[in-house]
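Enquirer: task: produce atomic coordinates for the following.
(2 chains)
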Amino acid sequence: MAQELLQTTPLAVAPLVALRDTWGETLSELGSLNRNLVVLDGDLANSTRADIFQQAHPDRFFELGIAEQNIVGMAAGLATVGFIPWISTFAAFVAKRALDQIRVVVAQPHLNVKLCGAYSGILTSKTGKTHQSVEDIAVFRAMPGMVTLAPADANELRAAMFAMMEYDGPVYLRVTRDASPVIFPRNHQFRIGKSILLREGSDVGLISTGPQTIRTLIAAELLAADGIAASVLHVPSLKPFDEDAIVEMATRTGCVVTSEDHSIIGGLGGAVAETLGEHFPTPMRRIGIRDTFGESGPNDAILQKYGMTPEHIAAAARDVMALKKG
Amino acid sequence: MPTATELVDPISAFADLRQLSARARGLILQTVHHAGAGHVGGPLSATDLLIHLYFNEMRIDTNRPYWDARDRFILSKGHASIALYVVLAMRGYLPIEELKTFDQIDSRLQGHPDLKALPGLDMSTGSLGQGLSPGVGMALGSRLKDLPFHTWVMLGDGEIQEGQIWEACFAASRLELDNVTAILDFNRLPQFGWPASEGFTRGKPIDDPGAKFRSFGWNVIECNGHDHAEIAGAFATAKRHKGQPTCIVAHTVKGKGVSFMEGDYLWHAKVPDAEHLKRALAELGLSDESGEGAA
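Expert: Next up, the predicted model:
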């Protein structure tokens, strides 16, 4: 069954909003709605923008210093007493520094802890390898019961955070640092486990996650200028994963390109390959970090170096179309 | 809501606790023998402390394992799970008979404690060094919700080599959490450790742990972890102390209660055979049948 197309704001007129600002504002809003929400920070509140929550709810903000393993453990303990802890630090540090803690005291006991990875992906403001997080989707996809989300813009992020509060269990949320065009409507309803069709076309299927979806939409416009009709499927929920929509898209287009600000190993590209390999083998290409450690640099230069620009996505689409059967 | 006096008997003679401890040791050995797997040395060093907590200290109600004002206990040294299971069984959280399922497939008694599997457990543990942080989180939660419970966390002396323990210590003292107590089972013998000059023993994993906890802003009490009178005093003092978390450095003997296991690091996770079991039960003053079915 084909998905319904979501009406989005055209990129040309979409305002730019920084996702981290929206994250801090929404956290503060959620804190006003639920007295059990507490925020645990790893000395990065003015980067992640948890400081917005801190100003509104100082009694429920806990600065626990640069000690991510302890932060995750304390969050687990607080969750058993009925609190809903949200953790504020960088994706690189929560997802990897505290990985075993997340597995042992959050994921396995399925506690209601919200792990927020700010500065997710590869665009981390000229910080380079240590601060980039391009393995987090892979590790959390492999962890039973760990909901893993990567919204594309500020409105989708806000909707995802409301959905996270409704969901009783552990969630890992990717939050990119920089501003993205806001294409989702303000009243967008986020559904964990569901993907969203943003553009319809039968020549090639473009599947993307996080802010890379914006660059994928630009790629679709580049292809359209050449008379190629691309579908764009946005996958903000890496786990649970919307296998039906992936198979449906492959059935309709006969070839797909995945695009993510993450390693092509184990992330969106890996998930799509696993899904199609089992259910509907389809020619595909993967855009993302190709088994290498990232460098520091301006965003444009990073996207260029690692082959993640709209032009790269469009080129991969033309390439994979040549492999279509029939 | 039960009062403290309904839940524990404050005039419980320590002789009773000593008897309970001996019985617990017998059940631990019979269960590990039956399962053909499990740890022995660490569970035996922790037995008196666990018996004392569950029979003479903690405000709990076995009929309401999720009572929100219950005292919490986390076995951070999760590999000593059999000691906790035995004490929970003796206390009435599960049938003694169920100890036979320890370490078997589909059992609630997993090799390392599983919060989701067994009512009465307050945290999943097993990966060492991780139990104190959730305990500190519970203590903070107790303060924020104004729920008057106390959180107890048992640490092994080997696992305090993990850095996360000291992250948790720093957070607890900075938050001035006096409603969490760490009990260090200071048996001086980790699994392999460092060679020492005295034959079958090894070098202790950490020197003067009390000084280290004190330097992180904790109140420190030292006691003999096998003497119920001393344990009672240490627990009472820890709960009375205000403005700081307390660490009880409980001096213990690995393999306590069985002469040929005491102080021998090789009994960390060695399974007693039938002859070992017979000799051990005799030393503990228990008959083969007295363990009530675990063998």
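Enquirer: what is the neighbour count of residue B:204?
Expert: Residue B:204: 18 surrounding residues under other C-beta atoms under 10 Å in any protein chain shown. Placement of C-beta: from N, CA and C, glycine included.
Enquirer: again with the one 3 residues further on
Expert: Other residues lying near residue B:207 total 8 when counted by other C-beta under 10 Å.
Enquirer: helix or strand: which one has it?
Expert: Taking DSSP states H and E as the definition, one finds residue B:207 inside no helix or strand.
Enquirer: look up phi and psi at it.
Expert: phi -90, psi 140 (degrees, to the nearest 10).
Enquirer: residues of stretch A:33-42 that come out buried?
Expert: A:36-42 (16 or more other C-beta atoms under 10 Å in any protein chain shown).
Enquirer: OK, contacts around whichever residue of the stretch 151-295 of chain B sits closest to chain A?
Expert: Residue nearest to chain A within the stretch 151-295 of chain B: residue B:167 (3.6 Å; C-beta to the nearest C-beta). Residue B:167 sits next to A:65, A:67, A:69-70, B:133 when contact means C-beta atoms under 8 Å, 6 or more residues apart in numbering or on different chains.
Enquirer: can you add neighbour count and secondary structure and give those back as a markdown table?
Expert: As requested, the contacts of residue B:167 are exported to a markdown table (neighbours: other C-beta atoms under 10 Å in any protein chain shown; DSSP: H, G, I helix; E, B strand; the rest coil):
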| residue | neighbour count | secondary structure |
| --- | --- | --- |
| A:65 | 15 | coil |
| A:67 | 23 | coil |
| A:69 | 25 | helix |
| A:70 | 31 | helix |
| B:133 | 34 | helix |
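Enquirer: residue A:96 reaches residue A:135, doesn't it?
Expert: Yes. Using C-beta atoms under 8 Å, residue A:96 makes contact with residue A:135 at a distance of 7.0 Å.
Enquirer: what about the residue of the stretch 151-295 of chain B closest to chain A, which SS state?
Expert: Of the three states, residue B:167 takes helix according to DSSP: H, G, I helix; E, B strand; the rest coil.
Enquirer: so what would you say the end-to-end distance of stretch A:225-239 is?
Expert: Length of stretch A:225-239, first residue to last, C-alpha to C-alpha, to the nearest Å: 34 Å.
Enquirer: ditto for stretch A:183-197
Expert: 13 Å.
Enquirer: against residue A:178, how distant is the residue of the stretch 151-295 of chain B closest to chain A?
Expert: Remark: distance between residue B:167 and residue A:178 (C-beta to C-beta, to the nearest Å) = 31 Å.
Enquirer: and for residue B:217?
Expert: From residue B:217 over to residue A:178 (counting by C-beta to C-beta), the distance is 40 Å.
Enquirer: burial count for the nearest residue to residue B:64 once chain neighbours are set aside?
Expert: Once flanking residues are discounted, residue B:64 sits nearest to residue B:70: 7.3 Å by C-beta to C-beta, 6 or more residues apart in numbering or on different chains. For residue B:70, the tally of surrounding residues (other C-beta under 10 Å) stands at 20.
Enquirer: quick check: residue B:70 vs chain A, distance?
Expert: According to C-beta to the nearest C-beta, to the nearest Å, residue B:70 stands 11 Å off from chain A.
Enquirer: quick one, phi psi at that residue?
Expert: Main-chain dihedrals, residue B:70, degrees, to the nearest 10: phi -70, psi 150.
Enquirer: show me where the stretch 151-300 of chain A has its strands.
Expert: Per DSSP state E, counting those that start in this stretch, the stretch 151-300 of chain A carries strands over the ranges A:171-175, A:179-181, A:196-199, A:204-208, A:230-234, A:237-239, A:256-263, A:284-289.
Enquirer: looking at the ones you listed, which one has the lowest mean pLDDT?
Expert: Confidence, taken as mean pLDDT, is least for strand A:179-181 of these (a mean of 95).
Enquirer: partner strands of that strand, parallel or antiparallel?
Expert: Applying DSSP bridges, strand A:179-181 is found paired with strand A:16-18 (antiparallel).
Enquirer: check which helices and strands the helix or strand just after the strand it pairs with is in contact with.
Expert: Using DSSP H and E, the helix or strand that directly follows strand A:16-18 along the chain is helix A:19-33. When contacts are defined as 3 or more C-beta pairs under 8 Å, 6 or more residues apart in numbering or on different chains; DSSP states H and E, helix A:19-33 packs onto strand A:37-41, helix A:45-48, helix A:51-56, strand A:114-118, helix A:154-166, strand A:171-175.
Enquirer: chain B: which of those is closest?
Expert: Closest of the helices and strands packed on helix A:19-33 to chain B is strand A:37-41, at 7.5 Å (criterion: C-beta to the nearest C-beta).
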